[in-house]
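Sequence first, then the predicted structure:
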Amino acid sequence: MQVFLLSYQWELFIAAEIISIVSLLLFGTTRYFFNKRNTSNLFILLFIVVTAFEAAIAWIIYNYTGEISSFTVIITIFILYAVTFGLNDFKKLDRWMRVKIGNYRGIDLLTAKEHQAIAKEGDPHHKKRKDLIVTTLHAIAFFIAQVIFWMLGTESLSEWWHYLSTISDWVGAGQFEQSPYPSKFLYQFSMVWTIVVVVDVLYCASYSLKKS
């Protein structure tokens with residue numbers, strides 16, 4: 001079983017993601033187009049089961065190999081997204097489907113509160129505040145992840161201080177063996193993520209100053 005999952009981990013992950021996307025689209029179609037609420041709930045259940053399946057694959061492979069691989073990290077990111085920002089994005093997708101299907105059927109499927117939410121999203125002050133919150137959460141998630149990665153690659157606080165004091169040296173060297181990261185993938189992943197966080201913070205700051 002473990003060998004099979006290890007051999008076809010990426011194929012299973014891609015298939016699971018396709019099923020997840022299709023299940024969300026079928027949820028909206030059956031609920032708002034065909035007005036089948038009980039059937040639509042089955043597609044949400046399918047989405048939850050598929051997400052749990054992805055988590056199970058990552059956990060089984062980690063226990064089998066004893067290593068944090070790129071697959072394990074990516075699965076973790078997808079699951080964290082699904083239970084955090086993914087919930088908000090699902091609400092937007094759900095609202096978008098109701099607008100489109102409602103227009104097609106000639107009826108209003110949105111509540112008064114949801115109409116207010118759509119109008120609120122167009123408010124630049126609301127968008128600025130929301131961007132600031134999202135960027136802050138992104139930076140916090142990045143910091144927590146780096147702490148975990150460093151904990152996996154070091155054995156004492158003295159090593160932490162050493163790597164902090166020589167951060168420009170091992171980052172400039174571009175070799176994970178000289179870094180506090182336990183693997184080459186986590187080192188490269190963190191370097192790319194660092195750039196993304198910096199760009200995100202700079203964009204948020206420039207947008208806030210522009211709109212203030």
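Good, I have the coordinates.

What's the mean pLDDT across stretch 182-200?
Averaging pLDDT along stretch 182-200 gives 89.

What of stretch 49-63?
91.

How about residues contacting stretch 100-115?
By CB atoms under 8 Å, 6 or more residues apart in numbering, the list of residues contacting stretch 100-115 from outside reads 28-29, 32-33, 95, 98-99, 118. All C-beta atoms are positioned from the backbone trio N, CA, C, and that covers glycine.

do stretch 178-187 as well
Outside of stretch 178-187, the residues within contact range by CB under 8 Å, 6+ apart are 67-70, 73, 149-150, 152-154, 159-160, 163, 169-171, 176, 190.

Repeat that for stretch 193-203.
Against stretch 193-203 from outside (CB under 8 Å, 6+ apart): 135, 138-139, 142, 145.

which one in the chain is furthest away from the centre?
What lies farthest from the middle of the chain is Gly106; by CA atoms, centre = their mean that is 35.1 Å.

Need the phi and psi values for it.
phi 80, psi 30 (degrees, to the nearest 10).

hey, where'd the helices end up in this protein?
Using DSSP state H, the helices of the chain run over residues 2-7, 9-28, 37-65, 70-83, 85-105, 112-121, 124-153, 157-165, 167-173, 184-211.

Output those helices as a markdown table; include the columns mean neighbour count.
Shown next, in a markdown table, are the helices of the chain (neighbours: other CB atoms under 10 Å):
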| stretch | mean neighbour count |
| --- | --- |
| helix 2-7 | 12 |
| helix 9-28 | 16 |
| helix 37-65 | 15 |
| helix 70-83 | 16 |
| helix 85-105 | 14 |
| helix 112-121 | 12 |
| helix 124-153 | 14 |
| helix 157-165 | 12 |
| helix 167-173 | 12 |
| helix 184-211 | 14 |
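
Worst mean pLDDT among the ones you listed?
The bottom spot among the helices of the chain, by mean pLDDT, belongs to helix 112-121, with a mean of 80.
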